[in-house]
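Enquirer: Predicted model, plus sequence, below.
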Amino acid sequence: MADTDNIKHKIFRGAIFDMDGVIFDSEVLWQRAFKLANIRFGLNFDEKYRQSCCGKDEQTIRKELRETNPGLDADIYRDFIVNNVTETVENYGADLKNGFSELIAYLKCNKYKIALATSSHKERALKLFNKKNLNPLCIFDGLVFSEDVRVSKPDPAIFISAAQKIGLPPQECIVFEDSLNGIRAAKLGGFAPVMVKDLIEPDDYAQKSCLFIVKGLDEVAALLKGESSDEKN
């Protein structure tokens with residue numbers, strides 16, 4: 001069990017969503033582009049390294065690359081990955097994750113304030129929603145993109161900004177995340193993290209820190225209603 005209080009004994013009024021891997025099945029796009037970049041540049045970066053980047057903003061990823069791989073042109077390398085993902089999004093978009101629409105309907109019905117907090121740039125994020133004929137302004141009460149904060153996850157700044165936009169303190173907000181950096185950011189900020197498993201498995205920190213861990217957003221409403229056990233899946 002997490003070291004967080006039992007969900008039935010907590011009162012939440014806000015829900016903050018990460019985007020890639022939580023709302024859209026888009027982490028697979030980054031994973032594919034990462035593998036193509038390994039081939040293109042003759043690199044052997046492994047999946048563990050890729051996952052360590054998840055949740056971080058582009059500026060931070062490039063800065064860390066320059067520090068750890070001085071022989072690699074970080075901008076050319078990352079431009080290749082970002083452009084590959086952007087092209088795929090523009091041409092095809094990404095599938096909406098199961099249960100998202102139903103969970104949003106449940107949250108709105110129960111008067112939750114809802115925010116988006118993504119480390120993606122605003123332009124690409126909006127394209128993902130537009131491809132599914134979704135208007136983020138009709139879904140969320142507050143929007144925060146990578147351009148809006150100066151520091152990256154696992155710093156909690158992006159979630160704190162999102163909470164401010166919906167006028168709630170962190171302790172009254174659930175954060176839906178799929179990355180370990182995002183889980184750390186939420187916990188450090190005083191939020192209640194919920195890990196939505198995508199390509200990354202929960203580590204010991206997530207196991208101890210998350211309110212609960214789910215296989216998909218379609219499990220969340222039942223947990224919030226107390227209709228399921230609060231044990232992690």
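Expert: Done, it's in.

Enquirer: Residue 146 against residue 57, yeah?
Expert: Yes. With contact defined as Cβ atoms under 8 Å, residue 146 reaches residue 57; the gap is 4.3 Å. Quick note: C-beta positions are derived from backbone N, CA and C, even for glycine.

Enquirer: what about residue 34, which SS state?
Expert: Following DSSP: H, G, I helix; E, B strand; the rest coil, residue 34 is assigned to helix.

Enquirer: what bits of the chain have low per-residue confidence?
Expert: Along the chain, segments meeting pLDDT under 70 span 1-10, 227-233.

Enquirer: Quick check: neighbours shared by residue 146 and residue 57?
Expert: Taking Cβ atoms under 8 Å, 6 or more residues apart in numbering as the contact rule, residue 146 and residue 57 both touch 119, 152.

Enquirer: So which residues of the chain form strands?
Expert: Counting by DSSP state E, the chain has strands at residues 14-17, 113-117, 142-144, 173-177, 192-196, 212-214.

Enquirer: a markdown table please, covering the ones you listed and showing mean neighbour count and distance to residue 183.
Expert: Below are the strands of the chain laid out as a markdown table (neighbours: other Cβ atoms under 10 Å; distance: least, Cβ to Cβ, whole Å):
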| stretch | mean neighbour count | distance to residue 183 |
| --- | --- | --- |
| strand 14-17 | 28 | 13 |
| strand 113-117 | 24 | 13 |
| strand 142-144 | 21 | 17 |
| strand 173-177 | 27 | 5 |
| strand 192-196 | 26 | 5 |
| strand 212-214 | 21 | 9 |
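
Enquirer: Same list (these) but as CSV, adding distance to residue 154.
Expert: Formatted as CSV, those follow (distance: least, Cβ to Cβ, whole Å):
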stretch, distance to residue 154
strand 14-17, 15
strand 113-117, 13
strand 142-144, 16
strand 173-177, 11
strand 192-196, 11
strand 212-214, 18
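
Enquirer: ok, longest helix in the chain?
Expert: Looking across the chain with DSSP state H, the single longest helix is helix 74-92.

Enquirer: Can I get that helix as PDB, trimmed to CA atoms?
Expert: C-alpha atoms of helix 74-92 as PDB (Å, rounded to 0.1, in the frame of the first residue of the first chain):
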ATOM      1  CA  ALA A  74      22.200  17.000 -29.100                       C
ATOM      2  CA  ASP A  75      20.200  19.400 -31.200                       C
ATOM      3  CA  ILE A  76      20.500  17.400 -34.400                       C
ATOM      4  CA  TYR A  77      19.700  14.200 -32.600                       C
ATOM      5  CA  ARG A  78      16.700  15.500 -30.700                       C
ATOM      6  CA  ASP A  79      15.400  17.400 -33.800                       C
ATOM      7  CA  PHE A  80      15.300  14.100 -35.600                       C
ATOM      8  CA  ILE A  81      13.200  12.500 -32.800                       C
ATOM      9  CA  VAL A  82      10.900  15.500 -32.300                       C
ATOM     10  CA  ASN A  83      10.400  16.000 -36.100                       C
ATOM     11  CA  ASN A  84       9.500  12.300 -36.500                       C
ATOM     12  CA  VAL A  85       6.900  12.500 -33.800                       C
ATOM     13  CA  THR A  86       5.500  15.800 -35.000                       C
ATOM     14  CA  GLU A  87       5.200  14.400 -38.600                       C
ATOM     15  CA  THR A  88       3.300  11.400 -37.300                       C
ATOM     16  CA  VAL A  89       1.000  13.500 -35.200                       C
ATOM     17  CA  GLU A  90       0.300  15.900 -38.100                       C
ATOM     18  CA  ASN A  91      -0.500  13.000 -40.500                       C
ATOM     19  CA  TYR A  92      -2.200  10.500 -38.200                       C
END
